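> sequence isn't available, so here's the structure alone:
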């Protein structure tokens, strides 16, 4: 006959099975279900797919107020609560008017995976979704430029993951470009709008500062701007061969300090034939792990209401058609 003690032990055993299940369900909800509900206003803005056609051909691309997205391929990504930075796909971003894509790559054999940190971007929001590869992204870019030849795409490539040398990384990237070379602009100087129309303009952020690889595309290297304790820096200047890059990418600030750095960075901006400014509004916050969506919900409305002049290339998390238009319309309202 079963004793009270044995019955109690069985109940306890059942509880021990339930607890891990509850933990898994809770983590799954936080990491995947909650991000699926974090979206942006997708209302289209008329003319966003072709806004660059109104720019003069002889205008240096550095002088264009260019909207961009941070971690552009992360609409679907592993551990999405802490790694997802966009609610629109690459194709949707281009149609919305964004022209700077932050492309993070990790080699997988003879292919590049789209990455954010150590996590892979995926083709859907399910945990078991297939990996998103560079070929998938390029297919969207090529199709967009065929349909909208007045536009350009700044393709800002970074080696996000993997132990390849810059030379090995670049060799694999070259193999992709060789499949459709006419679609690429590999200038190592700042091009004009006319030179860049209908092209993917490659900028490279994958070499070592001490050992650059000056062979493919436009050098666009800056030292990491991590750290949240010191809130005095805003924009830093870096010499990149033929031009000076001024960049503000303080990605570990909480929202108030980030907004302050963003505004100070705009005041330090310079844009001409020999200067390029990139200003990031994106941040993960001061914690070890962040929640980009909650920070973007605070910062993006500030951008929409900002009275400071927008200068250079402006890069955001959770970009929407309204945000892209807010940025690119600056070119026509000076």
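Perfect, thanks for sending it. None of the values given here were measured: they were computed from a predicted structure. Numbers count the residues shown, from 1 in each chain.
> now do stretch 240-255: distance to the chain's middle.
Averaging C-alpha coordinates over stretch 240-255 and over its chain gives two centres that are 14 Å apart (Cα atoms, centre = their mean, to the nearest Å).
> show me what counts as buried in it.
Residues of stretch 240-255 classed as buried under the neighbour-count rule (16 or more other Cβ atoms under 10 Å) are 240, 243, 245-255. Placement of C-beta: from N, CA and C, glycine included.
> also stretch 92-112?
Per 16+ other Cβ under 10 Å, stretch 92-112 contains these buried residues: 92-107, 112.
> circling back: can you tell me which of the buried residues of stretch 240-255 are in helices?
Among the buried residues of stretch 240-255, the members falling in helices are residue 255 (criterion: DSSP state H).
> now, which of the buried residues of stretch 240-255 sits nearest residue 313?
Sorting the buried residues of stretch 240-255 by how near they are to residue 313, with Cβ to Cβ, puts residue 247 at the top with 9.3 Å.
> doesn't residue 277 make contact with that closest one?
Yes - A contact is recorded between residue 247 and residue 277 when judged using Cβ atoms under 8 Å, the distance being 7.2 Å.
> now for the two: what residues contact both?
Here residue 247 and residue 277 share the contacting residues residue 235, scored by Cβ atoms under 8 Å, 6 or more residues apart in numbering.
> check which helix or strand covers residue 101.
Assigned by DSSP states H and E, residue 101 belongs to strand 100-108.
> can you list the low-confidence ranges for the stretch 1-150 of the chain?
For the stretch 1-150 of the chain, the stretches flagged by pLDDT under 70 are 1-31.
> out of the buried residues of stretch 240-255, who's nearest residue 195?
Top of the list for closeness to residue 195, among the buried residues of stretch 240-255 and by Cβ to Cβ, is residue 243 at 15.1 Å.
> and that closest one, what is it in contact with?
Residue 243 makes contact with 62, 189-190, 273-276 under the criterion Cβ under 8 Å, 6+ apart.
> which one of those residues sits closest to residue 221?
Distance ranking of the contacts of residue 243 against residue 221, using Cβ to Cβ, places residue 276 first at 12.0 Å.
> pretty sure the closest one sits against residue 246.
Yes - counting by Cβ under 8 Å, residue 276 sits close enough to residue 246 to count as a contact (7.1 Å).
> joint contacts of these two?
Taking Cβ under 8 Å, 6+ apart as the contact criterion, the common neighbours of residue 276 and residue 246 are residue 312.
> picking up where we left off before, want to throw the contacts of residue 243 into a markdown table with secondary structure, neighbour count and distance to residue 325?
Listed next are those as a markdown table, based on DSSP: H, G, I helix; E, B strand; the rest coil; neighbours: other Cβ atoms under 10 Å; distance: Cβ to Cβ, whole Å:
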| residue | secondary structure | neighbour count | distance to residue 325 |
| --- | --- | --- | --- |
| 62 | helix | 22 | 21 |
| 189 | coil | 13 | 29 |
| 190 | coil | 21 | 24 |
| 273 | coil | 13 | 27 |
| 274 | coil | 13 | 29 |
| 275 | strand | 18 | 25 |
| 276 | strand | 25 | 22 |
